[in-house]
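K.L.:
Sequence first, then the predicted structure:
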Amino acid sequence: MSEETGGNAIDPNTMSIIVTKGSLDWAYPPFILSTTAAAMGLDVTMFFTFYGLPLLLKKMDLKVTPLGNAAMKMPMMGGHMVMPNIVAAIPGVDAMASKMMKNLIKKNGVASIEELRDLAVEADVRMIGCQMTMDLFDYQKDEMIDGIEVGGAATYIEVATKSHINLFI
């Protein structure tokens, strides 16, 4: 067994998150967890790759889809309604579900993703956009919010190998 010392030591006050999804419902967990951890004194790094990368865009237009999401139950008519996949496949249903979710978020005083992202910036959460994904999907750094870094898998691995908590969302 090797002793964890020096530059290879795992810091108990660190957390890294790989952010791979960019829909409205999938954007909440990484931002809530990162801002909460930062508020608790942890150094947090978020690595945005593939469909999570658009969460770093200056202008976001997040949507949610009930298609294939059997756990998505929306409060309706005094109960909770699950939308059958056949209905979810109809054009315009995603827009309706997104509007319903955004109204539910607002009605219940839940912070928006933009607000949570701003909190993460204020809390000095390190945000890294995946260079390969930026190249693949033709994103430019000037389309992203200020203060992000751009790096590759090696950049993330360097952080993850020293982080006490590593999450894949």
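P.N.:
Thanks, I have it.

K.L.:
Can you tell me the closest non-neighbouring residue to residue 156?
P.N.:
When the adjacent residues along the chain are set aside, residue 156 lies closest to residue 47, with 4.2 Å between them (C-beta to C-beta, 6 or more residues apart in numbering). (Each C-beta comes from the backbone N, C-alpha and C, glycine too.)

K.L.:
Show me where the chain has its helices.
P.N.:
If DSSP state H is used as the criterion, the helices of the chain fall at 24-39, 85-88, 93-107, 113-122, 131-136, 153-160.

K.L.:
what ranges of the protein fall below the confidence cut-off?
P.N.:
Counting by pLDDT under 70, the low-confidence segments of the chain come to 1-8, 66-77, 81-88.

K.L.:
which residue sits closest to residue 41 in space, ignoring its chain neighbours?
P.N.:
With sequence-adjacent residues excluded and distances taken as C-beta to C-beta, 6+ apart, residue 41 is closest to residue 13, at 6.2 Å.

K.L.:
so how far is residue 119 from that neighbour?
P.N.:
Distance of residue 13 to residue 119, given as C-beta to C-beta, to the nearest Å: 19 Å.

K.L.:
more neighbours, the two?
P.N.:
When neighbours are counted by other C-beta atoms under 10 Å, residue 119 comes out ahead of the other of residue 13 and residue 119, with 18 against 13.

K.L.:
Tell me which of the helices of the chain lies nearest to residue 146.
P.N.:
Comparison of these against residue 146 by C-beta to C-beta identifies helix 113-122 as nearest, at 8.2 Å.

K.L.:
how near is residue 127 to residue 168?
P.N.:
Here residue 127 is placed at a distance of 16 Å from residue 168 (C-beta to C-beta).

K.L.:
Same drill for the two, tell me which one is more crowded.
P.N.:
The residue with more neighbours, out of residue 127 and residue 168 and counting by other C-beta under 10 Å, is residue 127; that gives 23 against 11.

K.L.:
surely that one meets residue 147?
P.N.:
Yes. Between residue 127 and residue 147 there is a contact at 7.2 Å, judged by C-beta atoms under 8 Å.

K.L.:
shared neighbours, those two?
P.N.:
With contacts defined as C-beta atoms under 8 Å, 6 or more residues apart in numbering, the residues adjacent to both residue 127 and residue 147 are residue 121.

K.L.:
For the residue lying closest to residue 55 once chain neighbours are set aside, which residues are in contact?
P.N.:
Using C-beta to C-beta, 6+ apart and skipping residues adjacent in sequence, the residue nearest residue 55 is residue 22, 5.1 Å away. Residue 22 makes contact with 51-55, 62, according to C-beta under 8 Å, 6+ apart.
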